[in-house]
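# Structural data only, the sequence is not supplied:
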């Protein structure tokens, strides 16, 4: 059993490396848990040979996947959907925005926050990174470009990071 699991992990690692080296994590045979055009984060479960893999995709192109209130709420929701799912063996975090993984906190949005809003927002960011590091399955950051500030923290909270050239 251990040999077959190791072979599958090596095969998956090779597939992910090849996909990321082309600056794209290829998601074949997937289905979305929920997604619409306004989602800044979406959750997908892969099917077929890749069953047991969940993918959180970040998609906030105008803000370079910066971490704002809506993004944070959706990201936390995606992680909560995965956290207790017993059939998930690995979680991949990736960006749908070419050339950037995550630009960190949305400083434009944060500048508009009142002093009372800043504390809970920053606490939420910290909690999300902590939750990601404590998620019960292996996590992988598929980094295609810049990972700055909180985006770097998010990638470092993952168990593994795979990156490609911009």
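Cool, the structure landed. Small disclaimer: the values here were computed from a predicted structure and weren't measured.

# Helices of the chain, start to end?
If you assign secondary structure with DSSP state H, the helices in the chain sit at 2-21, 69-83, 107-111, 115-134, 150-157.

# who wins for proximity to residue 95 among these?
Shortest distance between residue 95 and the helices of the chain, using C-beta to C-beta, is found for helix 150-157: 8.8 Å. All C-beta atoms are positioned from the backbone trio N, CA, C, and that covers glycine.

# next one: stretch 133-149 to chain centre, how far?
In terms of C-alpha atoms, centre = their mean, to the nearest Å, the gap separating the centre of stretch 133-149 from the centre of its chain is 6 Å.

# Go ahead and name everything in contact with it.
Applying C-beta atoms under 8 Å, 6 or more residues apart in numbering, the external contacts of stretch 133-149 come out as 16, 19-20, 23-25, 64, 79, 82-83, 88-95, 97-105, 132, 154-155, 157-164, 166.

# Kindly recompute the last result at 6 Å.
Around stretch 133-149, the neighbours that count as contacts under C-beta atoms under 6 Å, 6 or more residues apart in numbering are 20, 23, 25, 83, 88, 90-95, 99-105, 155, 157-164, 166.

# One more: stretch 92-100?
25, 55-59, 61, 64-65, 101, 140-142, 144-146, 166.

# what about 8 Å?
Residues contacting stretch 92-100 (C-beta under 8 Å, 6+ apart): 16, 23, 25, 53-61, 64-65, 101-102, 132, 139-146, 154-155, 158, 166.

# hmm, which of those are the buried ones?
Those of the contacts of stretch 92-100 that meet the buried threshold are 16, 23, 25, 53-60, 64-65, 101-102, 132, 139-146, 154-155, 158, by 16 or more other C-beta atoms under 10 Å.

# rewinding a little: inside strands: which ones of the contacts of stretch 133-149?
Per DSSP state E, strands hold the following members of those: 90-95, 100-102, 160-164.

# Of those residues, keep whichever come out buried.
If you count burial by 16+ other C-beta under 10 Å, the buried members of these come out as 90-95, 100-102, 161-164.

# Now tabulate those in CSV and tack on distance to residue 71.
Formatted as CSV, the entries for those read as follows, by distance: C-beta to C-beta, whole Å:
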residue, distance to residue 71
90, 23
91, 17
92, 18
93, 13
94, 14
95, 12
100, 13
101, 13
102, 9
161, 20
162, 22
163, 21
164, 23
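
# Nice, that's everything, thank you.
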